[in-house]
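Enquirer: Have a look at this prediction, sequence included:
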Amino acid sequence: MSVAQAFTSLSIIALVSTPLVNIIAAYPLFVSGLACFNRIQDFLLSTERKDYRSPTAKRSSPEHSADSDDIELQVLPGRVSKHDPVIQVKMGSFALKDGREAILKDVDFTIARSSLTMIVGPVASGKSTLLKALLGEAKLLSGQVQLASGPLAYCDQTAWLRWGTIRDNIQGPNDFDEAWYREVLRACALEEDIAGFESGDQSLVGSAGVALSGGQKQRVVRVFPLESEIKVDTREALARAVYARASVVFLDDIFSALDSQTSVDVFNNLFGHGGILRRNDIAVLLATHAGV
């Protein structure tokens, strides 16, 4: 080949290879985009969610005929009784969201304020389904589900954390309260873990909490951001639920990722005499397959 032919050939190869490389590099992104569009379409075409839950019944005064001279008496608002129900299920039968066969049948119970209720049973016995039913995420086949007004907090079996710092995951959408935040860290046994991080509670937990251990994810908010190597567990998810100061907290097998001593400490700090949840009159439903 002459010099002219060689340079011409190289120029042609460069002109052809550059767009070809760009096309090959763009193909995975194009396929990912199609998958995202399919998920969006499936969501938009999905059946509209119907909340079958209703507020708990309020006591009302009996009807009476009023004369012109009668003076109407009104009940002044007072302190809510600890014995008032926050959850009532009356002969409820529940199935999975897209199922037709009942997983739980004729469930009937009442949960009082400032109480600890444990749902104990073997694996796949319907504990998580019951919690999902109370959250309105199951299918009600028959019966009634009533909940008192107020925020709810839920810790799933699998910790969910967003990209951000440990503090961001615990705080969530709530306003930051330094005193309450420190108390929650102590109750969820996270103080020692956070003290070992180079950036403290400003350490990133990573994508899906890959920087944290299973137990730390559960305690923080259940796994979050990563930057340097961080080992934190399920306590983060638990801490977020406690920090929210919800009137009712649902906990789904939160002790499975914790060692025995940490489980005892967290259990006593949250549910024991003088525990943080008991002191704040919060009703707790704890699902577990093993004793604590």
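Expert: Noted; the coordinates are in hand.
Enquirer: Quick check: bridge partners of residue 109?
Expert: Applying DSSP bridges to residue 109 yields these beta-bridge partners: residue 89.
Enquirer: Residue 90 is in contact with that one, correct?
Expert: No - using CB atoms under 8 Å as the test, residue 109 is too far from residue 90 to be in contact (9.1 Å). Quick note: C-beta positions are derived from backbone N, CA and C, even for glycine.
Enquirer: if I look at those two, which residues touch both of them?
Expert: Among the neighbours of residue 109, none is also in contact with residue 90 (CB atoms under 8 Å, 6 or more residues apart in numbering).
Enquirer: Three-state assignment for residue 144, please.
Expert: Secondary structure assignment for residue 144 (DSSP: H, G, I helix; E, B strand; the rest coil): strand.
Enquirer: What's the local residue count around it?
Expert: 14 (other CB atoms under 10 Å).
Enquirer: now swap in residue 277 and tell me
Expert: 22.
Enquirer: Could you verify that it is part of a strand?
Expert: No - counting by three-state DSSP, residue 277 is not part of a strand but helix.
Enquirer: Report the separation between it and residue 109.
Expert: Residue 277 is 20 Å from residue 109, where distance means CB to CB, to the nearest Å.
Enquirer: after the helix or strand hosting residue 6, next one along is what?
Expert: Following DSSP states H and E, one finds residue 6 within helix 3-45. Tracing the chain past helix 3-45, the next element assigned as helix or strand by DSSP H and E is strand 53-55.
Enquirer: Tell me which other helices or strands that next one touches.
Expert: Under the contact criterion of 3 or more CB pairs under 8 Å, 6 or more residues apart in numbering; DSSP states H and E, strand 53-55 touches strand 139-147.
Enquirer: let's see it at 10 Å
Expert: strand 85-95, strand 139-147 (3 or more CB pairs under 10 Å, 6 or more residues apart in numbering; DSSP states H and E).
Enquirer: how about low-confidence regions in the stretch 101-250 of the chain?
Expert: 159, 206-236 (pLDDT under 70).
Enquirer: Report the contact partners of the residue lying closest to residue 9 once chain neighbours are set aside.
Expert: Once flanking residues are discounted, residue 9 sits nearest to residue 1: 7.3 Å by CB to CB, 6 or more residues apart in numbering. By CB atoms under 10 Å, 6 or more residues apart in numbering, the contact set of residue 1 is 7-9.
Enquirer: JSON lines for those, including neighbour count?
Expert: JSON lines is the format used below for the contacts of residue 1 (neighbours: other CB atoms under 10 Å):
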{"residue": "7", "neighbour count": "11"}
{"residue": "8", "neighbour count": "12"}
{"residue": "9", "neighbour count": "11"}
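Enquirer: quick check, nearest of these to residue 105?
Expert: For those, the minimum distance to residue 105 (CB to CB) is 77.5 Å, reached by residue 9.
Enquirer: what's the spacing between that closest one and residue 253?
Expert: If you measure residue 9 against residue 253 using CB to CB, the figure is 66 Å.
Enquirer: And for residue 114?
Expert: 23 Å.
Enquirer: So between those two, which is more surrounded?
Expert: The neighbour comparison of residue 114 against residue 253 (other CB under 10 Å) goes to residue 253, with 22 against 19.
Enquirer: Quick one: residues contacting the more buried one.
Expert: So residue 253 contacts 119, 123, 127-128, 131, 155-158, 218, 234, 286-290 (CB under 10 Å, 6+ apart).
Enquirer: Now, these that are in strands?
Expert: Among the contacts of residue 253, the residues falling in strands (DSSP state E) are 119, 155, 234, 286-288.
Enquirer: Including neighbour count and distance to residue 18, could those go into JSON lines?
Expert: Formatted as JSON lines, the ones in strands among the contacts of residue 253 follow (neighbours: other CB atoms under 10 Å; distance: CB to CB, whole Å):
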{"residue": "119", "neighbour count": "20", "distance to residue 18": "62"}
{"residue": "155", "neighbour count": "27", "distance to residue 18": "51"}
{"residue": "234", "neighbour count": "33", "distance to residue 18": "49"}
{"residue": "286", "neighbour count": "23", "distance to residue 18": "60"}
{"residue": "287", "neighbour count": "23", "distance to residue 18": "58"}
{"residue": "288", "neighbour count": "18", "distance to residue 18": "59"}
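Enquirer: as a whole number, average confidence for stretch 261-270?
Expert: Mean pLDDT, stretch 261-270: 84.
Enquirer: That one: which residues count as buried?
Expert: 262-263, 265-267, 269-270 (16 or more other CB atoms under 10 Å).
Enquirer: Now do the domain split for the protein, please.
Expert: 7-40, 83-292 (automatic domain parsing).
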